[in-house]
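Trainee: Prediction below, plus the sequence it came from.
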Amino acid sequence: MRIKRATMLCIFILIYVLPATLFAQNNTVERIGTYDSRIVALAYGRSAEFMNFIGELMAEYEEAEASGDTARVEELNAMGMAIQERLHKQAFSVWPVDDILELVADGLVCVMEEANVTFLVNIWEVEEADGVEYIDVSDQIAQLFDPDTETLSIIEEMKGIAPISLEEISNCGDSCSDCDDCEECE
């Protein structure tokens with residue numbers, strides 16, 4: 001008798017509950033926040049927070065150089081070059097900006113609430129899907145870095161420019177001036 005009840009319950013769920021649930025889900029539009037990772041990187045790279053960070057690294061570099069600590073000088077030089085390369089990839093290509101977003105995690109919660117989105121995704125990683133409304137929150141995320149007027153102007157210009165492919169930007173070496181392989185270097 002117990003097996004029959006369990007079987008009947010399963011049949012009831014399959015016939016009545018599951019289709020109703022799927023129908024309800026299909027008629028609900030999910031709102032997903034998207035952001036242009038280049039805009040986030042640009043806003044951060046021109047922010048007071050980033051400039052202070054670089055200033056501290058430069059001061060530490062100069063101190064190590066003055067004291068003759070060549071190992072620390074080399075370490076800081078390598079760190080600076082790695083930071084520059086990563087930020088260059090983030091600002092001109094589609095390199096992930098998770099490290100930058102972590103810096104404004106609390107602000108992202110507010111951006112998501114204001115835009116009424118369930119989560120955020122890099123626009124360059126979006127695959128269109130039915131039942132999903134994509135809301136661009138790039139500008140709202142950029143505002144978390146308190147951009148100046150010049151930065152906002154550059155952001156507006158960037159919106160009309162396609163990103164450089166990761167392959168092209170990887171060929172640029174330490175800085176884009178080192179190559180002639182991508183449009184940014186020409």
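Mentor: Happy to help now that I have it.

Trainee: all helices of the chain, in order?
Mentor: Secondary structure of the chain (DSSP state H): helices at 2-12, 18-26, 37-45, 48-66, 70-92, 98-103, 105-115, 138-143, 149-158, 166-170.

Trainee: Low-confidence bits of this protein, can you list those?
Mentor: 1-27, 172-186 (pLDDT under 70).

Trainee: Try it again at 50.
Mentor: Residue ranges of the chain with pLDDT under 50: 1-3, 5-24, 174-186.

Trainee: still on that earlier bit, ok, which of the helices of the chain comes nearest residue 128?
Mentor: helix 18-26 (16.0 Å; CB to CB). Just so you know, the C-beta spots here come from the backbone N, C-alpha and C atoms, and that holds for glycine as well.

Trainee: follow-up on the earlier one: ranking the helices of the chain by burial, who's on top?
Mentor: By mean neighbour count, with neighbours taken as mean count of other CB atoms under 10 Å, helix 37-45 ranks first of the helices of the chain at a mean of 24.

Trainee: so how far is that helix from its chain's centroid?
Mentor: 8 Å (CA atoms, centre = their mean, to the nearest Å).

Trainee: Show me what that helix is in contact with.
Mentor: 50, 87, 90-97, 100-101, 103, 122-124, 138-139, 141-145, 147, 151, 154-155, 158-159, 163 (CB atoms under 8 Å, 6 or more residues apart in numbering).
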